[in-house]
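Visitor: Using only what follows, build the 3D model:
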Amino acid sequence: MLFNSLLFIPFIAIVFLAAMTLGQRARVLALIALSYVFYSIPYPPWLLLLIAVTVADFHLARWIDRSENPAMRRLAVVVSCALNLGLLAAYKYAGFLAETVNGVADAPVLPVYQPDLPLGISFFVFESLSYTVDVYRRQLKPAKSLADYALFISFFPHLIAGPIVRGRDFLAQIEKHAPFERRNTVSGMELIAVGFFKKLVVADNLAPHVDFAFANTWRLSGGALALAVVFFAIQIYCDFSGYTDIARGIARMLGFELGRNFRWPYLSQSISDFWRRWHISLSSWLRDYLYIPLGGNRHGVPVMLGAMLATWFLGGLWHGAAWHFVVWGLYHGALVGLGAVLYRATAGRAWDPLPAVVKVAITFVLVCIG
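Guide: A predicted model of the protein is given here:
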């Protein structure tokens, strides 16, 4: 179910009614049930996958927290990683891997199996995985109840398209959440209005022009195609950030705060700055759970560049199972790495002579090329 579908109107009316009339624990259960309805409408069997991940990681995290045996704790977190990443690989990457192997071998070596991709699997897998890892690192206590954990994973505003929420940020809000407080309600409605404007007025009206240009490249001039690329940059930003604004606004009205996912990214003055402003929940997740464990910037330039390219290789694959996503990820990783090397070599003075507007323009062009 999409926020801009007609079916969402009666759904959100029921959600708001339940939030206004039920007590705290009953409200949590109602939000879980309604979130499951929200998720299962396109294809009900997907709900079984969501519930399986929820139950498994809830109990694995409790096992990790109770155990004082380092080997058993490592085993539990490895099982969680294998479960989550295995599901993601099976549904999202199995067909891509088989097609790649068959293409290299120029023969049908592997059967191509490509099931329908469950909605939001890339998001809830990362959320559940980060939870067990945080419990393993002793940075988070396990959820107090299965219901609390189920609400964290399934809460419908962020379930389909993020932002990627972390247990340490969401679980603590459950006990004290208070729906429809005046200030949060007003600011939440403002976010929803801005989100729908971005999505329905800007993104959806640019989409036909962008689609036409990309489907008819041989008929258009270079200037027209360059303009289409700029339009696409605006379209994808307004579509994605608009959806996030709506999600944050609905959650805020219900008494929950979801993290900001975009912060004027096209005003960034470098590619590194861009990734601190664009899809913030993903870029920070990749930093904390991939880049830093791979060595980060603590062990010299070669290790830093290797960790950066590996992170962006996987970040590209997260966006889609195709080689152009891999190339896109490596492109951004190379730009971020080059910026980091220049920053180290010049003690941060490499870009000082350039006016801010020039740095913004260069960054925007590089992003558009990507």
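
Visitor: hey, let's count contacts and neighbours off CA atoms from now on
Guide: OK.

Visitor: Tell me which stretches of the stretch 101-250 of the chain form helices.
Guide: For the stretch 101-250 of the chain, applying DSSP state H, counting those that start in this stretch gives helices covering 121-136, 146-154, 156-159, 167-174, 182-196, 204-215, 222-253.

Visitor: and the first one, average pLDDT?
Guide: This means helix 121-136. Helix 121-136 comes out with an average pLDDT of 96.

Visitor: between that helix and helix 167-174, what angle do the directions make?
Guide: Calculated by axes from the mean of the first three to the mean of the last three C-alpha atoms, to 10 degrees, helix 121-136 forms an angle of 90 degrees with helix 167-174.

Visitor: how near is residue 302 to residue 292?
Guide: To residue 292, residue 302 is 14 Å away according to C-alpha to C-alpha, to the nearest Å.

Visitor: How about residue 111?
Guide: 36 Å.

Visitor: Could you check which of those two is surrounded by more residues?
Guide: The neighbour count for residue 111 versus residue 292, taken as other C-alpha atoms under 10 Å, is higher for residue 292 (16 against 11).

Visitor: Could you check how far the more buried one is from residue 319?
Guide: Relative to residue 319, residue 292 is positioned 20 Å away (criterion: C-alpha to C-alpha).

Visitor: ok, now residue 201?
Guide: Separation of residue 201 from residue 319 (C-alpha to C-alpha): 25 Å.

Visitor: Just the buried positions in the worst-scoring helix or strand of the chain on mean pLDDT, please.
Guide: Confidence across the helices and strands of the chain bottoms out at helix 94-105, with a mean of 88, counting by mean pLDDT, DSSP states H and E. Under the neighbour-count criterion of 16 or more other C-alpha atoms under 10 Å, helix 94-105 has 94-100, 102 buried.

Visitor: wait, which of those is closest to residue 357?
Guide: Of all the buried residues of helix 94-105, residue 357 sits closest to residue 96, with 40.9 Å by C-alpha to C-alpha.

Visitor: residues touching that closest one, list them.
Guide: 112, 321-322 (C-alpha atoms under 8 Å, 6 or more residues apart in numbering).

Visitor: Try it again at 7 Å.
Guide: For residue 96, the contact set (C-alpha atoms under 7 Å, 6 or more residues apart in numbering) comprises 321-322.

Visitor: If we ignore the residues flanking it in sequence, what's nearest residue 125?
Guide: residue 84 (5.6 Å; C-alpha to C-alpha, 6 or more residues apart in numbering).

Visitor: hang on, the one you found packs against residue 123?
Guide: No. The criterion here is C-alpha atoms under 7 Å, and residue 84 misses it with residue 123 at 10.9 Å.

Visitor: Next, work out how far apart the residue nearest to residue 125 and residue 197 are.
Guide: On the measure of C-alpha to C-alpha, residue 84 and residue 197 end up 35 Å apart.

Visitor: Between these two, which has more neighbouring residues?
Guide: Higher neighbour count among residue 84 and residue 197: residue 84, with 22 against 16, using other C-alpha under 10 Å.
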